[in-house]
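J.: can you look at this prediction? I've put the sequence above it.
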Amino acid sequence: MTDRGHPIQVLCDAHIIPMLMFLRENGPGTKTEIYAAVGRNSNMPAKILRMRDAGLVTIDRVSISEVVGLTDLGRSVADGLAEIDAEMAAQTP
């Protein structure tokens, strides 16, 4: 456990799951690409840092941009979320 409780709590933060799913579906992307696809607010950089601190993503500087990509753990979590999403969609009338 972390000082904030269970590690899975990082997924409870708004925009985290959509960002993980975006990266799963599209591969690594710049922060600008992620913000355009998922949402823009002043807390987005902190949310990406929180995902990095949880071991879900890496952040690499490429020229003047920062590129965010899934780690092995992040890919595993995103794949699990995709499975849950598909299962729930199959149950929707």
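T.: All right, it came through fine. Just so we're clear, the structure is a prediction, and the values are computed from it rather than from any experiment.
J.: for the biggest helix by length in the chain, packing partners?
T.: Using DSSP state H, we find that the single longest helix of the chain is helix 72-91. Secondary-structure packing of helix 72-91 (3 or more C-beta pairs under 8 Å, 6 or more residues apart in numbering; DSSP states H and E): helix 16-26. Where C-beta positions appear, they are placed from N, C-alpha and C, glycine not excepted.
J.: and the angle from the helix it packs on to helix 72-91?
T.: 100 degrees (axes from the mean of the first three to the mean of the last three C-alpha atoms, to 10 degrees).
J.: in helix 16-26, what counts as buried?
T.: Within helix 16-26, the residues scored as buried using 16 or more other C-beta atoms under 10 Å are Ile16, Ile17, Met19, Leu20, Met21, Phe22, Leu23, Arg24.
J.: remind me which residues of the protein are low pLDDT?
T.: Along the chain, the model assigns pLDDT under 70 to residues 1-4.
J.: so for it, the centremost residue is which one?
T.: The residue lying closest to the centre of the chain (C-alpha atoms, centre = their mean) is Leu20, at 2.7 Å.
J.: which non-adjacent residue is nearest that residue?
T.: Ala78 (4.5 Å; C-beta to C-beta, 6 or more residues apart in numbering).
J.: most widely separated two among the buried residues of helix 16-26?
T.: Ile16 and Arg24 (12.6 Å; C-beta to C-beta).
J.: how much space between Phe22 and Val38?
T.: 6 Å (C-beta to C-beta, to the nearest Å).
J.: oh sorry, the question was meant for Glu83
T.: Glu83 is 20 Å from Val38, by C-beta to C-beta.
J.: do Ile16 as well
T.: Computed as C-beta to C-beta, the Ile16 to Val38 distance reads 10 Å.
J.: would you agree Pro7 is in contact with Met51?
T.: No. Contact criterion C-beta atoms under 8 Å: Pro7 and Met51 do not qualify, at 11.6 Å.
J.: which of these two has more neighbours?
T.: Met51 (26 against 14; other C-beta atoms under 10 Å).
J.: tell me the SS of that one?
T.: When classified by DSSP: H, G, I helix; E, B strand; the rest coil, Met51 comes out as helix.
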